[in-house]
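1. mind looking at a prediction? Sequence and model below.
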Amino acid sequence: MSTPQEISSEIAESEDTFPLIQLQQVSRNDRDTVLLNEIDLSIYPGQRIALTGPSGSGKTLLLRSLAMLDPIQAGQVLWQGETVQPVDYPRYRSQVIYLHQRPALVEATVEENLQLPFTMQVHQDKAFDQARIVAMLELLGRDETFLAKQQRELSGGESQLIALLRVLQLDPAVLLLDEPTAALDQATSMHVEALIDNWYSQNSSQRSIVWVSHNEEQTERVSNTFLSMNNGQLTGDQHG
């Protein structure tokens, strides 16, 4: 079985690319419990990584550490070869976006929730594109009337869909997905996979995805790199 470092080396050699993100000896403990154990990982443009492992193994914490949302106690995170400093966090997080399992929406219409990110300074160079969102909704089996729905009218699964659209429209370089189809039925899950694949394919040479899933068939469909967490340790093998 290849180590994550060997996997990254193989991809770098085959695609002649430079990693977007590098974790170097990243660790975190909670008293006597090791949460992340000296993680070394490089994420390259074009990678679609499936991250699997038992509950409590550190998958979500790894994603949040990649997004610089949770502190690390040792090691460092590099973006395009440069250490990410606190002053860089807003710009970094605009390029490396984590989609939470339980998304938070404001009490407003779906469209207003989708427009919200563009009020933030870090995204002011972008603009809300309703036509693009409508095209994405069509891939999800919805139409333009869905934009007028109120947040309080949405099911848990529909809220996940809106949170996903809100992230995809920002076109991050690295998309971190924490079980994005967990609250969805099989048919809607397949629509989500198609939407994400469509988004990725539009600029696959510049984009990467890390997808946490407990569904083995899904990981085979959505990924070209396979990693596993267990007791805060990262292992993996490359398929395809």
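-> Looks like it arrived, so ask away.
2. just give me the longest helix of this structure.
-> The longest helix of the chain (DSSP state H) is helix 186-201.
3. now do it: which elements does it pack against?
-> Counting contacts by 3 or more CB pairs under 8 Å, 6 or more residues apart in numbering; DSSP states H and E, helix 186-201 packs against helix 130-139, helix 156-168, strand 174-178, helix 216-222. Any C-beta I mention is one placed from the backbone N, CA and C, and that applies to glycine too.
4. can you pull the pLDDT of D143?
-> For D143, the model assigns a pLDDT of 95.
5. thinking again about what came up before, out of the helices and strands packed on helix 186-201, flag the one nearest Q95.
-> strand 174-178 (6.7 Å; CB to CB).
6. local confidence estimate at the one residue sitting closest to the centre of the chain?
-> Nearest to the mean C-alpha position of the chain, counting by CA atoms, centre = their mean, stands L176 at 1.2 Å. For L176, the pLDDT comes out at 98.
7. ok, now which ones touch it?
-> Listed by CB atoms under 8 Å, 6 or more residues apart in numbering, the contact partners of L176 are 63, 66-67, 96-99, 209-210.
8. same thing with R142?
-> L161.
9. assign it to helix, strand or coil.
-> Under DSSP: H, G, I helix; E, B strand; the rest coil, R142 falls in the coil class.
10. and it, how far from N203?
-> 24 Å (CB to CB, to the nearest Å).
11. before we move on, the earlier item: centre of the chain to the longest helix of the chain, how far?
-> 14 Å (CA atoms, centre = their mean, to the nearest Å).
12. which residues sit against it?
-> 48, 136, 139-141, 157, 161, 164, 168, 175, 177, 180-181, 184, 207, 209, 218, 221-222.
13. re the thing from before, from the contacts of L176, which would you call buried?
-> 63, 66-67, 96-99, 209-210 (16 or more other CB atoms under 10 Å).
14. now do the buried residues in the longest helix of the chain.
-> 188-189, 191-193, 195-197, 199-200.
15. F226: neighbour count?
-> F226 has 19 neighbouring residues, counting by other CB atoms under 10 Å.
16. specify the angle between the host helix or strand of Q76 and strand 174-178 in degrees.
-> Assigned by DSSP states H and E, Q76 belongs to strand 74-79. Strand 74-79 runs at 130 degrees relative to strand 174-178, counting by axes from the mean of the first three to the mean of the last three CA atoms, to 10 degrees.
17. in strand 74-79, which residues are buried?
-> Buried-residue list, strand 74-79, by 16+ other CB under 10 Å: 75, 77, 79.
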